[in-house]
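>>> Requesting a structural model of the entry that follows:
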Amino acid sequence: MFVTVGNNKYHVNIVGDGEPIVMLHGFTGTMATWNDMLLHLSYQGQLILIDLPGHGDTQATDVTTMYDVCHDLKLILEQLGHQQVSLLGYSMGGRTSFLMAYYFPDFVERLILVGASPGLPEEQRIERQKQDEQLATMIEREGMEAFVSYWETIPLFDTQRRMPLSKQEQIRNERLAQSPQGLALSLRTMGTGKQPSLWSFLQHMTIPVTLVVGEEDDKFISLNEQMLESLPNAELKKISQTGHAVHLESPEIFGKIVSEVLIKPFSN
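All right, here's what the predicted structure looks like:
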């Protein structure tokens with residue numbers, strides 16, 4: 001189905017009834033990125049899957065900041081009859097989930113964050129904006145085939161080469177199906193450099209937060225351990241023999257973790 005917010009039209013899939021959990025994918029992904037994990041999810045509530053701006057079948061060009069995206073998501077969920085939701089976000093979707101809790105704290109009941117960051121210091125953020133703009137320009141100039149061939153080789157995804165070739169091909173096809181204009185829009189609107197730093201906000205975030213990271217994702221292990229020290233009501237789950245994309249590399253284990261959190265949430 002599609003849900004319209006202003007001039008934007010979001011692709012949304014709803015499965016089941018009950019307490020809602022919203023699932024937000026990462027950069028170059030779509031709602032289909034969760035398919036393998038969903039096979040191992042034991043949860044009787046409602047699943048809400050959304051293609052974020054610039055991705056999949058969503059047509060949302062009238063956004064310029066991450067606040068715009070978060071505000072649109074809130075309006076979508078209110079149209080669906082929800083006044084409070086849990087959020088599951090991977091990478092870019094994790095950044096978005098973080099900011100939803102920051103901008104609309106009463107709207108978010110619980111966070112499950114996979115390979116997510118609360119943002120960069122200001123100097124690093126400005127430099128990252130430049131890098132994101134360079135990448136956006138490259139995508140627009142050279143097209144999807146060249147970009148995907150480059151994107152597959154970045155060190156963050158090294159561990160994905162251990163996955164079956166059929167799975168690697170599936171991920172590649174999902175990336176290739178995106179539009180250059182869409183991914184460029186995403187980098188300029190929702191890239192790491194566009195995310196406000198939330199480090200000082202963490203100590204005030206009292207909702208339950210589950211941090212999930214692959215044990216071979218060194219950068220994000222360090223980030224998640226730092227977040228764990230600042231968050232007053234958080235737990236950290238490390239998954240062995242897994243890199244950045246936990247939901248793709250270890251869908252069965254990740255599905256069980258998500259099920260346990262949603263069925264029997266922890267509380268410090």
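>>> Low-confidence ranges, the protein, go.
265-268 (pLDDT under 70).
>>> Would you map the helices across this structure?
All helices of the chain, identified by DSSP state H, fall at 35-38, 66-79, 92-103, 122-142, 144-151, 165-176, 180-190, 218-230, 246-249, 251-263.
>>> Quick one, which of the ones you listed gets closest to D57.
Judged by Cβ to Cβ, the one of the helices of the chain that comes nearest to D57 is helix 180-190, at 10.3 Å. C-beta coordinates here come from the backbone N, C-alpha and C atoms, glycine included.
>>> Show me which residues of the closest one are buried.
Counting neighbours by 16 or more other Cβ atoms under 10 Å, one finds that the buried residues in helix 180-190 are 180, 182-190.
>>> Check stretch 89-109 too.
Buried residues in stretch 89-109 (16+ other Cβ under 10 Å): 89-104, 107-109.
>>> ok now it, how far from the chain's centre?
Put simply, stretch 89-109 sits 9 Å off its chain's centre (Cα atoms, centre = their mean, to the nearest Å).
>>> show me the contacts for L185.
Shown in contact with L185 (Cβ atoms under 8 Å, 6 or more residues apart in numbering): 53-54, 61, 63.
>>> what do you get if the cut-off is 10 Å, keeping everything else the same?
Listed by Cβ atoms under 10 Å, 6 or more residues apart in numbering, the contact set of L185 reads 53-55, 60-61, 63-64, 136, 179.
>>> same deal with L156?
91, 115, 217, 219-220, 243-245.
>>> and if we set it to 6 Å?
Contact analysis of L156 by Cβ atoms under 6 Å, 6 or more residues apart in numbering lists H244.
>>> From V114, how far off is L24?
L24 sits at a distance of 10 Å from V114 (criterion: Cβ to Cβ, to the nearest Å).
>>> Among these two, which residue is more densely surrounded?
Neighbour count, other Cβ atoms under 10 Å: between L24 and V114, V114 has more, with 31 against 28.
>>> Surely that one is in contact with V212?
Yes - counting by Cβ atoms under 6 Å, V212 is a contact partner of V114 at 4.7 Å.
>>> where do the contact lists of these two overlap?
Common neighbours of V114 and V212, using Cβ under 6 Å, 6+ apart, are V246.
>>> Could you give the number of residues near the residue nearest to H55 when sequence neighbours are not counted?
Distances taken as Cβ to Cβ, 6 or more residues apart in numbering place T30 nearest to H55, at 5.6 Å, with adjacent residues excluded. T30: 22 surrounding residues under other Cβ under 10 Å.
>>> start to end distance for stretch 39-56?
Stretch 39-56 has its terminal residues 21 Å apart, counting by Cα to Cα, to the nearest Å.
>>> Now do it: distance to the chain's middle.
For stretch 39-56, the distance to the chain centre is 11 Å (Cα atoms, centre = their mean).
>>> What of stretch 218-234?
That offset, for stretch 218-234, works out to 17 Å (Cα atoms, centre = their mean).
>>> before we move on, what about stretch 9-25?
Here stretch 9-25 is found 14 Å from its chain centre; the criterion is Cα atoms, centre = their mean.
>>> what's the nearest residue to N7 if we skip its chain neighbours?
Nearest one to N7, counting by Cβ to Cβ, 6+ apart, is D62 at 4.2 Å.
>>> residue contacts, the residue nearest the centre of the chain?
Centroid-nearest residue in the chain, with Cα atoms, centre = their mean: G93, separated by 1.8 Å. Taking Cβ under 6 Å, 6+ apart as the contact definition, G93 lies against 24-26.
>>> do the same with S186
G54.
>>> what's the spacing between it and Q170?
Distance from S186 to Q170, by Cβ to Cβ: 21 Å.
>>> Then L49?
L49 is 17 Å from Q170, by Cβ to Cβ.
>>> between those two, who's got more neighbours?
L49 (23 against 17).
>>> Let me know whether that one touches N13 as I believe.
Yes - contact status for L49 versus N13: in contact at 4.4 Å, counting by Cβ under 6 Å.
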